[in-house]
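no sequence on this one, just coordinates:
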């Protein structure tokens, strides 16, 4: 799953501040899983009976991000993306273990900084600007 970065929140409830975690340039490719399943509460001929669900895998955090959160998304190096997107590959624990090993290096070089808490009407670059520059 492609992303330009992600947020983690730290602090006390009611006063949490977001951190913007991102690569120096380019995008991240998160390891994820998806599944199509039938919602049996819907009629057989309902086009919405088939539901797509997805999740991003997480791993125990890398040392560089430990002060922010105890886990982080599994960000794959670009040379792993094609393999993870190949629909003919059936994943197993070995595939996940290899991805975690590769993601440790990828995640250890991510940049991060606090950003201002945002409101629903916020949009654009303000969502990623360092807190001290606002």
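Yep, that arrived. Bear in mind that the values here come from a model prediction, so they are computed numbers and not experimental data.

what bridges to the residue nearest the centre of the chain?
Among the residues of the chain, the one closest to the centroid is residue 73, at 4.6 Å (C-alpha atoms, centre = their mean). Taking DSSP bridges, one obtains residue 58 as the residues bridged to residue 73.

i'd like the first residue to be 20 from this point on
Sure thing, new numbering starts at 20, so read that last one as residue 92.

list the contacts for it?
25, 47, 49-50, 75-77 (C-beta atoms under 8 Å, 6 or more residues apart in numbering). C-beta: built from backbone N, CA, C; applies to glycine.

and what of residue 103?
48, 50, 95, 118.

so residue 26 makes contact with residue 39?
Yes. Using C-beta atoms under 8 Å, residue 26 is in contact with residue 39, at 6.2 Å.

any shared contact partners between those two?
Listed as contacting both residue 26 and residue 39 by C-beta under 8 Å, 6+ apart are residue 134.

neighbour count for the two, which is higher?
Between residue 26 and residue 39, counting by other C-beta atoms under 10 Å, residue 39 is the more crowded of the two (19 against 14).

okay, and the more buried one sits in which element?
In the assignment (DSSP states H and E), residue 39 maps to strand 36-41.

partners of that strand, with directions?
Counting by DSSP bridges, strand 36-41 is paired with strand 25-29 (antiparallel), strand 130-133 (antiparallel).

quick one: it to chain centroid distance?
On the basis of C-alpha atoms, centre = their mean, to the nearest Å, strand 36-41 sits 12 Å off its chain's mean C-alpha point.

all helices for the chain, in order.
Assignment of helices within the chain using DSSP state H yields the ranges 97-104, 112-127.

which residues does residue 112 contact?
With C-beta under 8 Å, 6+ apart, residue 112 has no contacts at all.

having no further points to raise, I will conclude here.
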